[in-house]
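Colleague: no sequence on hand, only this structure:
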């Protein structure tokens, strides 16, 4: 009986991930122009988007600013349900 609920939640999760990925794909060229890249790792139940930096972004002091001022701001504005963005290793 819970199949309909879990199926609906799964579909919502897929739509959320797809929308987050679309926004990250819009941001990606700016990150790549500085020699880095980013990867969507997961989105948890609370709406926290987990991303992994690659290339020049790894260890870069500006990556925290990019994360908060660029990536998180855009995702919160453009994707309902996103509450925060966190970098993971």
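Modeller: That came through, no problem. Owing to the predicted nature of the structure, the values given are computational and were not obtained by experimental measurement.
Colleague: tell me the helix or strand right after the lowest-mean-pLDDT helix or strand in the chain.
Modeller: Every helix and strand in the chain was compared by mean pLDDT, DSSP states H and E; the lowest is helix 3-33, with a mean of 83. With elements assigned by DSSP states H and E, the helix or strand that comes after helix 3-33 is strand 36-43.
Colleague: separation between the spatially most central residue of the chain and residue 75?
Modeller: Centroid check for the chain by CA atoms, centre = their mean gives residue 49 as the closest residue, at 4.5 Å. Distance of residue 49 to residue 75, given as CB to CB, to the nearest Å: 6 Å. C-beta coordinates here come from the backbone N, C-alpha and C atoms, glycine included.
Colleague: list residues touching both of these two?
Modeller: 20, 82, 85 (CB atoms under 8 Å, 6 or more residues apart in numbering).
Colleague: related to what we said a few turns ago, now the least confident helix or strand of the chain: buried residues?
Modeller: 16, 19-20, 23-24, 31 (16 or more other CB atoms under 10 Å).
Colleague: for residue 63, state which of the residues you listed is nearest.
Modeller: residue 31 (9.2 Å; CB to CB).
Colleague: ok, that closest one - contacts?
Modeller: Listed by CB under 8 Å, 6+ apart, the contact set of residue 31 reads 37-38, 57, 66.
Colleague: show me which of the residues you listed are buried.
Modeller: For the contacts of residue 31, buried by 16+ other CB under 10 Å: 38, 57, 66.
Colleague: surely the second one forms part of a helix?
Modeller: Okay, so that is residue 57. No. Counting by DSSP: H, G, I helix; E, B strand; the rest coil, residue 57 is located in no helix; its state is coil.
Colleague: any idea how far the closest residue to it other than its chain neighbours is from residue 74?
Modeller: Distance criterion CB to CB, 6 or more residues apart in numbering; nearest residue to residue 57, sequence neighbours excluded, is residue 36 at 3.3 Å. Separation of residue 36 from residue 74 (CB to CB): 16 Å.
Colleague: who has more neighbours out of these two?
Modeller: residue 36 (19 against 16; other CB atoms under 10 Å).
Colleague: who's in contact with the more buried one?
Modeller: With CB under 8 Å, 6+ apart, residue 36 has these contacts: 53-58, 60, 63.
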